[in-house]
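J.: Need the 3D shape of this:
(one chain, ligands or ions: 1)
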Amino acid sequence: MVSRRFAVGRRCSMDTFPPFSRLRWSPVRRRRGCVPAHDPLRRPAGRVEPQLDYLAMTSNWTVPGEAVSPVRHPEAPAPGESIPAHWHGCFGCRGTGDGGLGLDVRAGEGAEVTGEIVVDPAFEGGPGVIHGGVLSSVFDEVMGFSAKLLALEVVTAHLEVDFRSPVPVRSALTVRARVDGVLGRKLYASAEVYVNGAAAPAGSARALFITIDQAVHFRDLVGNSTRI
Ligand SMILES: CCCCCCCC(=O)SCCNC(=O)CCNC(=O)[C@H](O)C(C)(C)COP(=O)(O)OP(=O)(O)OC[C@H]1O[C@@H](n2cnc3c(N)ncnc32)[C@H](O)[C@@H]1OP(=O)(O)O
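T.: All right, here's what the predicted structure looks like:
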């Protein structure tokens, strides 16, 4: 069985050494000539062109110089007021009892909002800490709410997150987010998360939101919802 898997390279003692999966693609194995028959690391012949669409979405996100400052809508919730859910079916807006994040987002000054959330044990990723994807959702949602202060309907086009330190389950998180700049339909936002009132952030995020006409954007999708 093992010799069939590694038919291309020569066999070595590590073929049977546990834990098998961790060693399978290791540089040591490659140096020793233990190259599997179907090696995903082997590059195809010929030049691989960079994927430009992908590059446009990658990191080092900066607000373009032409972007203008966000203008708060005159009827936006006053600083300190809770911002209502944008859609009752939204995972970010629903309470934990209803399978959601259980976020409370309040308006701040200008285009700034503050989100509060207690990390439910159901959000665990690594032992005792929040799942990174859940924290990304928290960032996405709270930054999205900052667009509501401009009375704009948006969807996320790009989201990037830096995880600086582990976020324990059952900890109380404060997320500060704001719209940094607006350029046509594009809203550039940023956010930081603080654990149990710490002074230093445990993570930060940036996002690009695009304004949409909800009626048009969701017209052909709304039929998929189980929450209408
Ligand atoms: C209160 C609200 C809280 C909401 C929080 C939660 C929000 C979400 O999680 S939404 C769910 C996840 N997001 C989505 O499903 C969106 C899926 N994507 C789409 O539907 C489309 O790509 C959409 C609508 C974003 C843009 O499409 P479209 O309307 O055709 O506009 P398009 O012309 O492609 O892009 C507009 C501009 O944004 C730019 N752009 C779009 N995507 C990106 C990107 N990923 N990176 C960089 N620039 C981008 C385009 O280059 C274009 O720039 P310019 O105006 O300078 O030419």
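
J.: Point me to the helix or strand that includes residue 216.
T.: helix 214-217 (DSSP states H and E).

J.: what's that helix packed up against?
T.: Packing contacts for helix 214-217, counted by 3 or more C-beta pairs under 8 Å, 6 or more residues apart in numbering; DSSP states H and E, involve no helix or strand. To be clear about C-beta, it is placed using only N, CA and C from the backbone, and glycine gets the same treatment.

J.: which other residues reach it?
T.: Residues from elsewhere that reach helix 214-217 (C-beta atoms under 8 Å, 6 or more residues apart in numbering): 153, 155.

J.: what comes up buried for that helix?
T.: For helix 214-217, the neighbour count (16 or more other C-beta atoms under 10 Å) marks no residue as buried.

J.: Surely residue 191 and residue 177 touch.
T.: Yes. With contact defined as C-beta atoms under 8 Å, residue 191 reaches residue 177; the gap is 3.6 Å.

J.: what do these two both touch?
T.: In contact with both residue 191 and residue 177: 139, 142, 143, using C-beta under 8 Å, 6+ apart.

J.: how close does the second one get to residue 112?
T.: Read that as residue 142. Distance from residue 142 to residue 112, counting by C-beta to C-beta, to the nearest Å: 11 Å.

J.: With the last one instead?
T.: Using C-beta to C-beta, residue 143 is found at 11 Å from residue 112.

J.: that older thread, so for residue 191 and residue 177, which residue has more residues nearby?
T.: Taking neighbours as other C-beta atoms under 10 Å, residue 191 and residue 177 compare with residue 177 leading, 29 against 26.

J.: Does the more buried one touch residue 113 like I think?
T.: Yes. With contacts counted by C-beta under 8 Å, residue 177 reaches residue 113, the gap being 5.4 Å.

J.: How is the closest residue to the ligand within the chain assigned, secondary-structure-wise?
T.: Per C-beta to the nearest ligand atom, residue 144 is where the chain lies closest to the ligand, at 2.5 Å. For residue 144, the assignment made with DSSP: H, G, I helix; E, B strand; the rest coil gives helix.

J.: give the contact list for it.
T.: Here residue 144 is in contact with 86, 92, 154, 156, 189, 207, 209 (criterion: C-beta under 8 Å, 6+ apart).

J.: which residues are in contact with both of residue 177 and residue 113?
T.: Counting by C-beta under 8 Å, 6+ apart, the common neighbours of residue 177 and residue 113 are 142, 145, 146.

J.: Could you find the closest non-adjacent residue to the first one?
T.: Nearest in space to residue 142, with sequence neighbours left out and distances taken as C-beta to C-beta, 6 or more residues apart in numbering, is residue 115 at 3.7 Å.

J.: pLDDT value on the spatially most central residue of the chain, please?
T.: Centroid-nearest residue in the chain, with C-alpha atoms, centre = their mean: residue 136, separated by 3.3 Å. Per-residue pLDDT puts residue 136 at 98.
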